[in-house]
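Enquirer: Model the structure of this input:
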Amino acid sequence: MGGCTIVTDANVSSDLGSNTTGITAFSMPSWQLALWAAAYLTLVLVAVTGNATVIWIILAHRRMRTVTNYFIVNLALADLCMAAFNAVFNFVYASHNIWYFGRAFCHFQNLFPVTVMFVSIYSMTAIAADRYIAIVYPFQPRLSAPGTRAVIAGIWLVALALAFPQCFYSTIIMDQGATKCMVAWPEDNGGKMLLLYHLAVIALIYFLPLMVMFVAYTIIGLTLWRRAVPEYQAHGANIHYLQAKKKFVKTMVLVVVTFAICWLPYHLYFILGSFQEDIYCHKFIQQVYLALFWLAMSSTMYNPIIYCCLNRRFRSGFRIAFRCCPWVTPTEEDMIELTHNPSLSRRVNRCHTKETLFMNGDVVPSEAINGQAGGPQDGVPTEP
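Expert: Prediction:
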């Protein structure tokens, strides 16, 4: 970007370094640095612990291994990596505007953040697509376990391809004695290549998937809230399944909205900077960037909290995972939630419900169809 930009995702340079002592024009007082460090450390600890626990809950319990939950694992893994790598190292860079981590990690730091952000939002998109098919077209075949793995692998490959140009042009420079990690884009007319790349990335990892999810969840919501269970079927089990789907939709909509709110100011910051580069020359821009970056990174710690608050099985999983804490006491019901398989009579009743609703022209709950990825489709996102 411009000639005196404050550090960002290691993709912009700064010409305000002062000397070889490691002090730049963007160095801050020690008390400010301590406060920011505490804020970022809290974020990283909550995000890494929460997302690691989500991954354990799903992978360690067979009942939890469903198509939707595999995408949740992918989302949690991306969020964990974003917090552990991007948040930590980018904060250190932004706090002094000096790059301490060498050339190889400079390339990595310009590859990984874009990659894991793409993986995060397209894992959410895959969940929305999976729920769309299950609820709007319940008799369509669902993804198999190999198909789910192929989709996840495809998301990672496309994400790496999208981030590769920024990684390829990464370089280390010495600016008035201060080491900087920047992206040295080829010379072009007025920086159009850089602007087009940034706009394309923001469109692909933010606006486009959010539009897709908005449409998908709107249709899902209309389908669920218009659905009526026939009177002779209006007993506890059928009403429970319908309520469970509605609760899952609310949960995922909250996840998506949280992501959108956290990342919007950060993207607007770069869009504005692309058209008005002199804003990066102001001393206050460091504090603005650190605040916007913290808000964006905080999206990595909210999902486990949302799952724990809104889903009974996740709540049980968290109690079991943190049973060593004196204020956490898991119960026998918590173990049953994660390990108990539906009885044969319950499965027969669900299949009977499916056939009856089909004969009466109603949309069948997707949970009536057995899963193809290691367990029933009502695994985690819905209440049992």
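
Enquirer: If you count neighbours, what's buried in the helix or strand Ala128 falls within?
Expert: For Ala128, the host element (DSSP states H and E) is helix 102-136. Judged by neighbour count using 16 or more other C-beta atoms under 10 Å, the buried positions of helix 102-136 are 105-136. Yep, even glycine has a C-beta here, placed from its N, CA and C like the rest.

Enquirer: Equivalent analysis for stretch 59-68, please.
Expert: Result for stretch 59-68 [16+ other C-beta under 10 Å]: buried residues 61, 63-68.

Enquirer: In this structure, where is pLDDT below threshold?
Expert: 1-27, 188-191, 227-241, 274, 276-283, 340-384 (pLDDT under 70).

Enquirer: which one's the longest helix in it?
Expert: Longest helix in the chain by number of residues (criterion: DSSP state H): helix 236-275.

Enquirer: and that one, what does it pack onto?
Expert: helix 102-136, helix 192-202, helix 208-226, helix 285-310, helix 344-359 (3 or more C-beta pairs under 8 Å, 6 or more residues apart in numbering; DSSP states H and E).

Enquirer: got the angle for it vs helix 285-310?
Expert: Angle, helix 236-275 to helix 285-310, by axes from the mean of the first three to the mean of the last three C-alpha atoms, to 10 degrees: 170 degrees.

Enquirer: can you give me the angle helix 236-275 makes with helix 102-136?
Expert: 140 degrees.

Enquirer: what comes up buried for helix 236-275?
Expert: Within helix 236-275, judged by 16+ other C-beta under 10 Å, the buried ones are 238, 241-242, 244-249, 251-253, 255-256, 258-260, 262-264, 266-267, 269-270, 273-274.

Enquirer: Which of the buried residues of stretch 59-68 sits closest to Pro304?
Expert: Met64 (14.2 Å; C-beta to C-beta).

Enquirer: Give me the distance from the longest helix of the chain to the chain's centre.
Expert: With C-alpha atoms, centre = their mean, to the nearest Å as the basis, helix 236-275 stands 10 Å off its chain's centre.

Enquirer: Repeat that for stretch 52-59.
Expert: For stretch 52-59 - counting by C-alpha atoms, centre = their mean - the centre lies 15 Å from the chain centre.

Enquirer: got a list of contacts for that stretch?
Expert: 64-65, 69-70, 72-73, 76-77, 80, 303-304, 307, 313-314, 317-318, 321-322, 338, 380 (C-beta atoms under 8 Å, 6 or more residues apart in numbering).

Enquirer: switch the cut-off to 6 Å
Expert: Contacts of stretch 52-59 with the rest of the structure, by C-beta atoms under 6 Å, 6 or more residues apart in numbering, involve 64, 69, 73, 76, 304, 317, 321.

Enquirer: and what of stretch 99-112?
Expert: 10-11, 85, 93, 163, 166-167, 170, 172, 179-181.

Enquirer: Swap in 8 Å and give it another go.
Expert: Contacts for stretch 99-112 (C-beta under 8 Å, 6+ apart): 9-11, 81, 85-86, 89-90, 92-93, 160, 163-164, 166-167, 170-172, 179-181, 183.

Enquirer: cool, and stretch 81-92?
Expert: Taking C-beta under 8 Å, 6+ apart as the rule, stretch 81-92 contacts 7-10, 36-37, 40, 43-44, 47-48, 51, 100-101, 105, 109, 112-113, 116-117, 120, 290, 293, 297, 300-301.

Enquirer: Write the ChimeraX selection for whichever of those are buried.
Expert: Provided next is the ChimeraX selection string for whichever of the contacts of stretch 81-92 are buried by 16+ other C-beta under 10 Å:
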select :7,8,9,10,36,40,43,44,47,48,51,101,105,109,112,113,116,117,120,290,293,297,300,301
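
Enquirer: How about the contacts made by Leu338?
Expert: Leu338 neighbours (C-beta under 8 Å, 6+ apart): 57, 61, 63-64, 313, 316-317, 320.

Enquirer: one more time with 10 Å, if that's ok
Expert: Applying C-beta atoms under 10 Å, 6 or more residues apart in numbering, we find Leu338 in contact with 57-58, 60-64, 313-314, 316-317, 320, 380, 384.

Enquirer: Quick check: buried residues in the helix or strand harbouring it?
Expert: Assigned by DSSP H and E, Leu338 belongs to helix 332-339. For helix 332-339, the neighbour count (16+ other C-beta under 10 Å) marks 334, 337-338 as buried.

Enquirer: Ok, stretch 312-325 next?
Expert: Result for stretch 312-325 [16+ other C-beta under 10 Å]: buried residues 312-314, 316-321.

Enquirer: Quick check: the gap between Ala47 and Val256.
Expert: 18 Å (C-beta to C-beta, to the nearest Å).

Enquirer: After the host helix or strand of Leu45, which helix or strand is next? Please name it.
Expert: Element membership for Leu45, per DSSP H and E: helix 30-59. Of the helices and strands lying after helix 30-59 in sequence (DSSP H and E), the nearest is helix 67-81.

Enquirer: Since that was my last question, I'll sign off now.
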